[in-house]
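Chemist: Kindly generate the corresponding structure for this input.
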Amino acid sequence: MTKILQDDRSATIDAQFKALSDGTRRALLEHLVREGEQSVHALTAISGVSQPMVSRHLAKLKRAELVTVRRAGRETFYAARAKGLAPVVQWMAVYGALWSQRFTALEGIEA
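Modeler: Numbering: from 1, shown residues only. Down below sits the predicted model:
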């Protein structure tokens, strides 16, 4: 039996999948990708949820290394990390290729 080791990379991927599992967090991240750095106040205005809830969502995105934070006076600004999704994209590429091969093999069996 193969033992699966939990390393920093897999912990990051786990955190990212958990962070992206929520529609509000995905919407906030998509907005930051499209519009660039935004204040919590601005993100609250477009989110449809309360400021404390926006802050909680942003904290989860930060822990997942998907956003960066900058303080300026009393304001907190968030920006999407350009390479933040790289671990998930790499993971998906590996398993995407594996499943593609399996689907191709299944098509051969049905013929």
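Chemist: Contacts for the helix ranked longest in the chain, please.
Modeler: The longest helix of the chain (DSSP state H) is helix 86-110. Contacts with helix 86-110, where a contact means C-beta atoms under 8 Å, 6 or more residues apart in numbering, come from 9, 12, 13, 16, 17, 20. For the C-beta atoms, the positions are set from N, CA and C on the backbone; glycine is no exception.
Chemist: Generate a ChimeraX selection restricted to the buried entries among those.
Modeler: With 16 or more other C-beta atoms under 10 Å as the burial test, the buried ones among the contacts of helix 86-110 are selected in ChimeraX as follows:
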select :12,13,16,20
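Chemist: Next step: the contacts of helix 86-110 restricted to helices.
Modeler: Using DSSP H, those in helices are 9, 12, 13, 16, 17, 20.
Chemist: Now for the first one: which residues touch it?
Modeler: By that I understand residue 9. residue 87.
Chemist: got it, and the third one?
Modeler: Counting by C-beta under 8 Å, 6+ apart, residue 13 touches 87, 88, 91.
Chemist: Next, find the distance separating the last one from residue 65.
Modeler: The span separating residue 91 from residue 65 equals 14 Å under the rule C-beta to C-beta, to the nearest Å.
Chemist: hang on, isn't residue 69 packed against residue 63?
Modeler: No: with contact defined as C-beta atoms under 8 Å, residue 69 does not count as touching residue 63 (11.0 Å).
Chemist: List the contacts of residue 31.
Modeler: With C-beta under 8 Å, 6+ apart, residue 31 has these contacts: 38, 43, 46.
Chemist: What of residue 57?
Modeler: Taking C-beta under 8 Å, 6+ apart, one finds 22, 24, 25, 28, 49 in contact with residue 57.
Chemist: By neighbour count, which of those wins?
Modeler: Most neighbours among the contacts of residue 57, by other C-beta atoms under 10 Å: residue 28, with 26 neighbours.
Chemist: ok, and for the longest helix of the chain, which residues are buried?
Modeler: Buried, per 16+ other C-beta under 10 Å, within helix 86-110: 87, 88, 91.
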